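Chemist: Next input, structure requested:
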Amino acid sequence: MFVRLLGVLKITRMIGWILPLIVLVMMTGLVWGLPRPLEALQNAVFDQYNRLHPRSVENNPVFIIDIDEKSLELLGQFPWPRQIFSDIISSATASGAAAIGIDVMFAEPDRNSPSEVLANWKSLQMMTDGEESLDWDVLEKDIMEKITDPDAALAAALRGSNTVLSMAFTDDGRPIPQAKAGIAIQKTNLELVDPLLFVPQSSAAISNLDTLHDAAAGVGLINAKIDSDGLIRSAFTVLRHEQQLYPALSIELLRVAQGARSLIVKTTGVKSEAGFSSGAGLSRLKVGQFIVPVEADGSMRIYYAERENIKRIPAWKVVTRDFDPLIMSGKIGIIGSSAAGLLDNRATPIDPVTPGVEIHLQAIQQIVDGQFLTRPLLLKFGEIALAFTMGLLIIILIEFMGLVVPVILWFFTSLGGVGFSWWSYTEKMMLVDPANPIFITGATLFTAGALRYIRNEEERRGVRNAFGQYLAPELVEAIAKNPKDLQLGGVVKPLTVMFTDIRDFTSISEGLSETPQLLTHLINRFLTTMSGLIYNRQGTIDKYIGDCIMAFWNAPTDLENHERLSCLAALDMQKALKKLNQSLKIDPELQGVWSSQLAMGIGLNTGETLVGNIGSDQRFNYSALGDAVNVAARLEGQTKFYGVDILLGAQTAHAASDLAMLEIDLIALKGKEEPERIYVLMGDDEKALDEDFISAKALHNRMIEAYQGQNWGLARGLLNRLETVFPELKKTYRIYSTRIDNFRHHPPSENWNGVYVATQK
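Modeler: Residues are numbered from 1 along each chain as shown. The predicted model follows:
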């Protein structure tokens, strides 16, 4: 039983270390790889931060020329004629706009252009029957002379302004035209991987008419970086076609507005740039006087401001010039649409329905204000290293301190991590992820805690199985709740040990030798009765040796007044024996077979003992060893010699001195050289306070003093009186009378100290 218990403890303890470590390593690797669910968890935290603490708008250098519902109502349904865009550009330029971006592409000629009109007429002519064919050459010349080309007019407006057109990279479409902006890339030959490979690339584009492309001051990409959940949290600053980088609309607008001719892109291989990036690839971008920290792929995390801070001018007001020109002076304008019917709405962390043009505006705003959300690679290393260290600490604490301290530690460190993350966001604009470290440590805590709980239950089950036969149920449960109180390897501690034995059991066995089942029945009734009383007084049954019971107190759990508890148990047992004898007389199984009375001697002794698992590798028993155990066994044997029921060792008697007891002798037990004062237990504390007992005890003590002082006459006289006072000690007093008579004829040696040397166990 104990071998199984120890096996369970060792196996589960090993698993309790290894499995949480495996989980910790796996969770750490998982978080480093950041699969979609964990990325969503991280994003959810940062999104909430953005909603709770949006970017403050210190400088608002951007406005939107809004193609809103009323503009569509007044100026016509979309797509508008190019003339309207020409009017908007002219109006904004006249108002002093530093640059104008158009979040609309002109990939096809205007439907009112001469070429389009002529093509439509040719289509109509082909559908008519019986009419003469027109001279199309003459007609074309006439149309070209009399009708102004809207695309040419728009190109003229573009040449007279700082306007940036839009372009979108696609997988198929037109060839990608040459970029307007020059881009210088600073990198080193020491980089193992070309940093440009981290930038998404395309081989085709949806671009504008060549005449418009050539006339524009700049061309910017409007490709959106959409996360797996459909939200836009970042904006590309550049994208790639082969080895050429193309700027985004927001970056190109900043370049044109500042009159810069080129951009500078730095990679992580450049000295001092690694700390600005989330990994190998791009690091920073310089556009005019503005420096933009970017991710490895060239994207920039958008720190969204509240939409209420955005300046919007309806397009119809710009066309009719019904606005204050100061609103545009020196600022960047973006022509875009908020009309729901034009389907240019995007989902962002602050609003699930955000016009796409506002995302370009938000990017420009935060670049101008220098408010960037950054997440360097070193920060990610630090988070994971700290989480791994915390996970190790949790595993160690759970192993050595249980669950409460690690759970409290995890809760408050998680709370502190969230607080630090929030502080980093609001004060340093740094994205410190609290969610995934909490996930790592939480998974480790759950695994280690679950295993510890299972192990605790296994320990409790093992304790219940191991001690259920030896301890009272309440003691078993107490140990099961605190298995650490049980020193399975053995511990030296003071115990009170009890030995009981049925008197003349040999003759009883012989009397029932022909019916061994009745002997078993008799012994089982005796042992069941006595065991219950030992349990009631919180004792531990060590073993049954035939008719003998070995029990002890103060192990495996500590007990106050264990000496007194053992004495009370002994008194209970002697009292119960009388009732048992009466019950046995009417036991139907013993009728006509056995009619004797059971008598029992009990020895109790207290002292330091070794208690724990004792036995072989194949079989253990929770038992006690030591001199105190041997003395208890010898005391039980002396009860028959003195004719008493219960004998106590000196330490037991002193600790339970409130009970009724008498010193009975100073004896050198068989096999021992040192003498032992022994006491007979007469009753409980009520009897000890009885006046008759007190006076009789004084008389008894005078006899002992006279005997040990060799005052034979006084001792002999007191013995005659004591036999009537304590008739239950008649045999003891006769032993003393015999000794005195012997000493009168054969005086003891001069150094005799009153010790009686036992000749039998």
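
Chemist: Sticking with residue 112, tell me its helix or strand.
Modeler: Assigned by DSSP states H and E, residue 112 belongs to no helix or strand.

Chemist: What is the burial count for it?
Modeler: Other residues lying near residue 112 total 15 when counted by other Cβ atoms under 10 Å. C-beta here means a position set from N, CA and C on the backbone, and glycine is covered the same way.

Chemist: With residue 330 instead?
Modeler: Residue 330 has 11 nearby residues by other Cβ under 10 Å.

Chemist: same thing with residue 347?
Modeler: Neighbours around residue 347, by other Cβ under 10 Å: 15.

Chemist: Confirm it sits in a strand?
Modeler: Yes - under DSSP: H, G, I helix; E, B strand; the rest coil, residue 347 falls within a strand.

Chemist: could you measure it against residue 304, distance?
Modeler: Distance, residue 347 to residue 304, using Cβ to Cβ, to the nearest Å: 12 Å.

Chemist: How about residue 32?
Modeler: Residue 32 is 28 Å from residue 304, by Cβ to Cβ.

Chemist: The two - which one has more neighbours?
Modeler: residue 304 (25 against 13).

Chemist: Enumerate every residue touching the more buried one.
Modeler: Applying Cβ atoms under 8 Å, 6 or more residues apart in numbering to residue 304 gives the contacts 50, 54, 55, 348, 349, 350, 362.

Chemist: quick one, what contacts the closest residue in space to it that isn't next to it in sequence?
Modeler: In this structure, residue 304 finds its nearest non-sequential neighbour in residue 350, 4.7 Å apart by Cβ to Cβ, 6 or more residues apart in numbering. Residue 350 is in contact with 50, 51, 54, 304, 306, 307, counting by Cβ under 8 Å, 6+ apart.

Chemist: Buried among those residues? Need that as a selection in ChimeraX.
Modeler: Buried residues among those (16 or more other Cβ atoms under 10 Å), as a ChimeraX selection:
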select :50,54,304,307
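
Chemist: which among the contacts of residue 350 gets closest to residue 285?
Modeler: Of all the contacts of residue 350, residue 285 sits closest to residue 304, with 20.0 Å by Cβ to Cβ.

Chemist: show me where the stretch 301-450 of the chain has strands.
Modeler: Along the stretch 301-450 of the chain, counting by DSSP state E, counting those that start in this stretch, strands occupy 311-314, 332-337, 345-348, 351-355.

Chemist: Could you export the ones you listed as a markdown table, including mean pLDDT and distance to residue 687?
Modeler: Below are those laid out as a markdown table (pLDDT from 0 to 100; distance: least, Cβ to Cβ, whole Å):
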| stretch | mean pLDDT | distance to residue 687 |
| --- | --- | --- |
| strand 311-314 | 95 | 102 |
| strand 332-337 | 96 | 104 |
| strand 345-348 | 94 | 89 |
| strand 351-355 | 94 | 88 |
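
Chemist: Could you identify which of these is most buried?
Modeler: Across the strands of the stretch 301-450 of the chain, averaging neighbours per residue (mean count of other Cβ atoms under 10 Å) puts strand 332-337 on top, at a mean of 26.

Chemist: quick one: that strand to chain centroid distance?
Modeler: The chain centroid and the centroid of strand 332-337 are separated by 50 Å under Cα atoms, centre = their mean, to the nearest Å.
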